[in-house]
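Visitor: mind folding the following:
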Amino acid sequence: MGTTRENSSADALPAEFSDPAGQAPDPVTDISIALFHLRRVWVKPDLMKRIRAQTSAGPGGRPLQQSNLMVVHAVAALNAAAAGPGDEVTVGAVAERLEIDPSTASRLVGHAIDAGLVSRRPSPVDARRANLGLTDAGVRVKQVADRFRRAYLAELMADWSPEERAGFARLLTRFADAAAQAPMDPDSVDKIFREAIAD
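Guide: Modelled structure (predicted):
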């Protein structure tokens, strides 16, 4: 009979979550721990394998990457939010949506274009910009990814009542909106180290 594996280093909690006094964590600490573990929901290797199995590879047989999915979802969301035909989805908009710097966004968008998932058309407003959209393959990838993620979340909440699901959706959306409106200071890690050294 196999033994239960202890938490690996990948699952270990950061020091900021430890409670040396042995006291019960407060709700904010519980939320921090939950958010730390939630990273695994969207980067599960098995999920990527399933999506790859139901979508065709890009030119040259290039396999689907996690970054491709990020760009596909960003471009789809930006196009859905466009108010009119004159609105454009640019690399800059993708960078803002994904909260990454423009040079990184340009590289990731380029990879998604090379994979045949995103199309690039000249902007009618500014010839220096590109107007981004999803190809048929990109639409297919998004549909498959959405289906698998919904099925996975439904499995996680299989024993939840409709009221619990609705309440969780409402509070999580409220939390995400607040986080988007007040993002964490990008220099927070440096400030933590400076304060720790000062102490």
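
Visitor: how about the contacts made by H111?
Guide: 65, 67-68, 71 (CB atoms under 8 Å, 6 or more residues apart in numbering). C-beta here means a position set from N, CA and C on the backbone, and glycine is covered the same way.

Visitor: so where do the helices sit in the protein?
Guide: 27-42, 45-53, 66-81, 91-98, 102-114, 136-156, 162-181, 188-198 (DSSP state H).

Visitor: ok, of those, where does mean pLDDT dip lowest?
Guide: Mean pLDDT across those is lowest at helix 45-53; the value there is a mean of 66.

Visitor: relative to S123, which of the helices of the chain is closest?
Guide: helix 91-98 (10.9 Å; CB to CB).

Visitor: which strands or helices does that closest one pack on?
Guide: helix 66-81, helix 102-114, strand 130-134 (3 or more CB pairs under 8 Å, 6 or more residues apart in numbering; DSSP states H and E).

Visitor: output these in CSV; the columns should cover distance to Q143.
Guide: Shown next, in CSV, are the helices and strands packed on helix 91-98 (distance: least, CB to CB, whole Å):
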stretch, distance to Q143
helix 66-81, 10
helix 102-114, 16
strand 130-134, 10
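
Visitor: what's the closest of those to I192?
Guide: helix 102-114 (23.5 Å).

Visitor: ok, M70 to K191 distance?
Guide: 28 Å (CB to CB, to the nearest Å).

Visitor: and the two? Which one has more around it.
Guide: M70 (18 against 10; other CB atoms under 10 Å).

Visitor: output the helices of the chain as a markdown table; include the columns distance to R120.
Guide: Shown next, in a markdown table, are the helices of the chain (distance: least, CB to CB, whole Å):
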| stretch | distance to R120 |
| --- | --- |
| helix 27-42 | 26 |
| helix 45-53 | 23 |
| helix 66-81 | 10 |
| helix 91-98 | 9 |
| helix 102-114 | 6 |
| helix 136-156 | 12 |
| helix 162-181 | 27 |
| helix 188-198 | 35 |
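
Visitor: of those, which is nearest R129?
Guide: Of these, nearest to R129 by CB to CB is helix 91-98, at 7.8 Å.

Visitor: the closest one vs helix 102-114, what angle?
Guide: Angular relation of helix 91-98 and helix 102-114 on a 0 to 180 degree scale: 100 degrees, by axes from the mean of the first three to the mean of the last three CA atoms, to 10 degrees.

Visitor: pull helix 91-98 out as PDB, backbone CA atoms only.
Guide: Extracted in PDB, the C-alpha atoms of helix 91-98 (Å, rounded to 0.1, in the frame of the first residue of the first chain):
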ATOM      1  CA  VAL A  91      -1.000  44.700 -28.500                       C
ATOM      2  CA  GLY A  92      -1.100  47.500 -26.000                       C
ATOM      3  CA  ALA A  93      -4.700  46.500 -25.000                       C
ATOM      4  CA  VAL A  94      -3.600  42.900 -24.600                       C
ATOM      5  CA  ALA A  95      -0.700  44.000 -22.400                       C
ATOM      6  CA  GLU A  96      -3.100  46.000 -20.200                       C
ATOM      7  CA  ARG A  97      -5.600  43.100 -20.100                       C
ATOM      8  CA  LEU A  98      -2.900  40.600 -19.000                       C
END
